[in-house]
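Enquirer: structural data only, the sequence is not supplied:
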């Protein structure tokens with residue numbers, strides 16, 4: 001009896017079927033479980049109905065009758081989501097989505113979390129469903145920073161109280177870092193930083209303080225920055241940079257694979273810089289102060305002053 005119990009407690013070999021499908025980049029683990037329940041997945045020729053099954057490299061997995069693609073190298077892309085696009089692969093109402101707006105030649109990508117229809121800014125996309133799930137978890141601890149324009153007025157003391165977390169309509173929100181940047185007419189600009197990313201968290205919390213959000217821009221997610229990426233533009237993070245930025249703990253949690261091959265389809269590189277003009281009267285690229293915020297503007301101005309002091313280009 002003891003021997004049988006020990007066998008039951010020992011972890012099965014291989015990995016869960018939904019995890020294997022997510023690693024292949026077809027969907028997230030949660031979506032894979034839905035596909036399994038719908039009878040779309042077969043293992044060794046047998047349709048399965050439960051995700052409670054482990055598979056190994058020797059098993060033949062098929063989705064909708066097609067063999068599971070060979071897993072590619074874990075990749076991550078930075079995308080500047082414009083307003084008016086849904087973060088979904090398909091919308092029953094026929095509304096435009098980010099995936100229909102992406103350029104051709106990309107692998108099948110999964111979003112790391114979602115941004116609402118009218119939220120803009122940085123959205124991480126990956127071909128590795130397991131990495132997407134890991135980066136969404138609060139346990140990963142990555143800070144998500146937003147620039148917020150809201151109608152109304154709020155005091156910094158009210159925002160400081162959010163550091164201890166707050167409960168609204170029975171939902172507990174964790175620690176929030178928020179600062180008042182500047183007023184703009186009847187609106188106010190804020191910087192808002194969270195680690196959990198619950199559904200509509202920024203709007204719900206600020207609404208509880210009497211503010212109505214009318215513009216919301218995500219400017220960073222963990223170590224990755226929106227920076228000067230133009231709306232609708234996408235850029236891939238280099239493998240070496242990605243490995244360094246994720247760190248050993250997150251890589252282990254996600255089971256990211258940086259040794260597998262990259263598919264034949266090319267991906268867009270980072271946006272090219274405009275050619276440098278040496279004359280002092282050249283036009284500078286216009287910076288959107290509302291998007292990057294006063295602290296980043298101050299850092300950029302400080303760098304410009306250093307360059308001028310060294311006799312470098314302006």
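Expert: In hand now; what should we look at? Just so you know, these numbers come straight off a predicted model, no measurement behind them. Numbering: from 1, shown residues only.
Enquirer: ok now the helix or strand that contains residue 214, how far from the chain's centre?
Expert: Remark: residue 214 resides in strand 212-221, with elements defined by DSSP states H and E. Here the centre of strand 212-221 is set off from its chain's centre by 14 Å, with CA atoms, centre = their mean, to the nearest Å.
Enquirer: repeat that for stretch 75-91.
Expert: Mean C-alpha position of stretch 75-91 versus that of the full chain (CA atoms, centre = their mean) differs by 10 Å.
Enquirer: for the strand holding residue 214, name the packing helices and strands.
Expert: Packing partners of strand 212-221 (3 or more CB pairs under 8 Å, 6 or more residues apart in numbering; DSSP states H and E): strand 119-126, strand 144-151, helix 201-208, helix 289-309. For the C-beta atoms, the positions are set from N, CA and C on the backbone; glycine is no exception.
Enquirer: try 6 Å this time
Expert: The helices and strands touching strand 212-221, judged by 3 or more CB pairs under 6 Å, 6 or more residues apart in numbering; DSSP states H and E, are strand 119-126, strand 144-151.
Enquirer: model confidence over the first one, on average?
Expert: Confidence for strand 119-126, expressed as mean pLDDT, is 96.
Enquirer: again with stretch 28-36
Expert: Stretch 28-36 shows an average pLDDT of 86 in the prediction.
Enquirer: ditto for stretch 155-165
Expert: For stretch 155-165, the per-residue pLDDT averages 94.
Enquirer: what about that stretch, how long is it end to end?
Expert: Counting by CA to CA, to the nearest Å, you get 17 Å between the two ends of stretch 155-165.
Enquirer: and that stretch, which residues are buried?
Expert: Applying a neighbour-count criterion of 16 or more other CB atoms under 10 Å, the buried positions in stretch 155-165 are 159, 162.
Enquirer: for stretch 196-208, same thing?
Expert: Going by neighbour count (16+ other CB under 10 Å), the buried part of stretch 196-208 is 197, 201, 202, 203, 204, 205, 206.
Enquirer: how much space separates the second one from residue 98?
Expert: Separation of residue 201 from residue 98 (CB to CB, to the nearest Å): 20 Å.
Enquirer: now swap in the fifth one and tell me
Expert: Distance, residue 204 to residue 98, by CB to CB: 23 Å.
Enquirer: how about the fourth one?
Expert: Taken as CB to CB, the spacing of residue 203 relative to residue 98 amounts to 20 Å.
Enquirer: please enumerate the helices of the stretch 101-250 of the chain.
Expert: For the stretch 101-250 of the chain, the helices defined by DSSP state H, counting those that start in this stretch occupy 129-136, 156-160, 201-208, 239-254.
Enquirer: before we move on, back to that, listing partners with orientation, what would you give for the strand holding residue 214?
Expert: Within its sheet, strand 212-221 is paired with strand 119-126 (parallel), strand 144-151 (antiparallel), strand 224-225 (antiparallel), according to DSSP bridges.
Enquirer: which of those strands sits most buried?
Expert: For the strands paired with strand 212-221, ranked by mean neighbour count under the definition mean count of other CB atoms under 10 Å, the leader is strand 119-126 at a mean of 23.
Enquirer: next, the angle from that one to helix 239-254.
Expert: Put simply, strand 119-126 runs at 80 degrees to helix 239-254, going by axes from the mean of the first three to the mean of the last three CA atoms, to 10 degrees.
Enquirer: hang on, the earlier thing: pipe the strands paired with strand 212-221 into a markdown table and attach distance to residue 18 per row.
Expert: Compiled in a markdown table, the strands paired with strand 212-221 are given as follows (distance: least, CB to CB, whole Å):
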| stretch | distance to residue 18 |
| --- | --- |
| strand 119-126 | 17 |
| strand 144-151 | 26 |
| strand 224-225 | 26 |
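Enquirer: between the ones you listed, which one is nearest to residue 64?
Expert: Across those, the minimum distance to residue 64, taken as CB to CB, is reached by strand 119-126, at 22.1 Å.
Enquirer: after the helix or strand of the chain with the lowest mean pLDDT, next one along is what?
Expert: Counting by mean pLDDT, DSSP states H and E, the chain has its least confident helix or strand at helix 2-9, which shows a mean of 39. Next along the chain after helix 2-9, taking DSSP H and E as the criterion, comes strand 15-16.
Enquirer: flag the shaky bits of this protein, pLDDT-wise.
Expert: Scanning the chain for pLDDT under 70 picks out 1-12, 263-301, 304, 311-314.
Enquirer: break it down into its structural domains.
Expert: The record's domain split for the chain, according to automatic domain parsing, is 2-67, 76-254.
Enquirer: winner for burial among those domains?
Expert: For those, the largest average neighbour count (mean count of other CB under 10 Å) is found in domain 76-254, namely a mean of 17.
Enquirer: first to last residue in it, what's the distance?
Expert: 13 Å.
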